[in-house]
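1. The sequence isn't on hand, but the structure is:
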């Protein structure tokens, strides 16, 4: 059981480039989330999805886009990379409010924009 | 909006007990979570409280007082491997039940 899989693990982008961070879960969870974590700042919610075809903005959505065409996949798109997007990105999934074990996180993508 | 506060850093020695506090302000409380995060790794789930009181899981316990907007994580019989960041997170109704995280408390355990 793989849980939540994120690719790539590391990436260096030049300013203005674009990329897609991949996230796949095999737990049949409806809820999926993208967070970014900057040093000393905790995790900030970028986007979330409550099911296939449904996405919504979180606290820091500017500069990012998402899609949810299947239950399993929730990719995060950076269109014009900026140095402020240098961060560690975590994808997470959950089964919903009836479950008390929280959410499962992927291993993260460490992105540097230069 | 939400406001979650926890101490930035704490230190303790092996075998000791440490309590990490978390205070929060939220409009639609639907649970409080504690996560452990070792350097360079993903957060891992430790505990969950939705009702007032103490939840115990081995060496780790978590307490919640909803009326005071307060929680703590209690770690007993500290081990070197407990050196990590501890993240307090609140879940609210709505917003896809997303967790809102505090900035985390970095715990250093020394021998």
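-> Perfect, thanks for sending it. Please read all numbers here as calculations on a predicted model, not as lab measurements. Numbering: from 1, shown residues only, chains lettered A, B, ... in the order given.
2. residue boundaries of the helices in chain B?
-> Taking DSSP state H, chain B contains no helices at all.
3. got the residues of it near chain A?
-> Selection of chain B residues close to chain A by Cβ under 8 Å from any Cβ of the partner chain yields B:8, B:30-31, B:33, B:35, B:41-45, B:48, B:50, B:87, B:89, B:91, B:95-104. Every C-beta, even on glycine, is put in place using the N, C-alpha and C of the backbone.
4. Can you say which of these are buried?
-> Buried by 16 or more other Cβ atoms under 10 Å in any protein chain shown: B:31, B:33, B:35, B:42-43, B:45, B:48, B:87, B:89, B:91, B:95-104, out of the residues of chain B next to chain A.
5. Quick one: low-confidence residue ranges for chain B.
-> Across chain B, the ranges flagged by pLDDT under 70 are B:1-2, B:95.
6. if you go through it in chain order, where are the strands?
-> With DSSP state E as the criterion, chain B has strands at B:3-5, B:9-13, B:18-25, B:29-37, B:44-49, B:53-57, B:60-65, B:70-75, B:84-92, B:99-101, B:105-110.
7. Pull the distance from the last one to the chain's centre.
-> What separates the centre of strand B:105-110 from the centre of its chain is 13 Å, taken as Cα atoms, centre = their mean, to the nearest Å.
8. Show me what that strand is packed up against.
-> strand B:9-13, strand B:18-25, strand B:84-92 (3 or more Cβ pairs under 8 Å, 6 or more residues apart in numbering or on different chains; DSSP states H and E).
9. What pairs with that strand, parallel or antiparallel?
-> Note on strand B:105-110: by DSSP bridges, its sheet partners are strand B:9-13 (parallel), strand B:84-92 (antiparallel).
10. who's in contact with the closest residue to residue B:41 other than its chain neighbours?
-> Of all residues not flanking residue B:41 in the chain, residue A:107 sits nearest, at 7.3 Å (Cβ to Cβ, 6 or more residues apart in numbering or on different chains). Residues in contact with residue A:107 (Cβ atoms under 8 Å, 6 or more residues apart in numbering or on different chains) are A:6, A:9, B:41-42.
11. could you dump those residues to CSV with distance to residue A:44?
-> Shown next, in CSV, are these (distance: Cβ to Cβ, whole Å):
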residue, distance to residue A:44
A:6, 17
A:9, 20
B:41, 18
B:42, 15
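12. from those, which is closest to residue A:55?
-> Taking Cβ to Cβ as the measure, residue A:55 lies nearest residue A:6 of these, at 17.5 Å.
13. From chain B, how far out is the closest one?
-> Distance of residue A:6 to chain B, given as Cβ to the nearest Cβ, to the nearest Å: 9 Å.
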